[in-house]
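Student: give me the fold of what follows.
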Amino acid sequence: MSLELYDWQQEYLNNTPQNLIITADLGSGKSALSLRHYDKHNPNGRLLIVCPASKRDSKDWEREIARFLDYTPDFAVMSYEGMAKHYADYENDPTLTIIADECHMLAQPTTKRSKAFLRIARGAGQWILLSGTPTPNSWRSAATYAILTGLSR
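Tutor: Numbers count the residues shown, from 1 in each chain. Predicted structure coming up:
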């Protein structure tokens, strides 16, 4: 049996669109929210979690999946650098959900990792961005988010 969400977390999920940016403080449950959001919209789809290499190596995401899902999805956890190298394996897959943990690492739309993420996300069935600091330098850091959501090209 997976862990239950807090009432405020469940209420939040009940009122969110399929594609989502979750910005919240450290320890507020962004990972749990993203996994339950995936489960709500795409439970039979592939799951790609992109995060800093240190988080990939810590196996935190594997533990979170075991805690918050009642099943083990077809998933991969990779670093942003790995995604930039292997993005072609995930392009144009409407069954895919991509979660970008620490998504402020995508703040500059001209970097290889941001370009790779945008290529994957545009063909994916769902994308979820997570960050406690979504615009670390200034509002200019939000350029990738604007492109992804269609507010800008």
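Student: buried stuff in the lowest-mean-pLDDT helix or strand in the chain?
Tutor: Every helix and strand in the chain was compared by mean pLDDT, DSSP states H and E; the lowest is helix 143-148, with a mean of 74. By 16 or more other Cβ atoms under 10 Å, the buried positions in helix 143-148 come out as 143, 144, 145, 147, 148. C-beta: built from backbone N, CA, C; applies to glycine.
Student: the second one: what's it in contact with?
Tutor: Residue 144 makes contact with 106, 107, 108, 109, 114, 117, 118 under the criterion Cβ atoms under 8 Å, 6 or more residues apart in numbering.
Student: what separation is there between the nearest residue to the third one once chain neighbours are set aside and residue 149?
Tutor: So that's residue 108. Spatially, and ignoring its direct neighbours in sequence, residue 108 is nearest to residue 114 (6.0 Å; Cβ to Cβ, 6 or more residues apart in numbering). Look at residue 114 and residue 149: by Cβ to Cβ, to the nearest Å, they are 14 Å apart.
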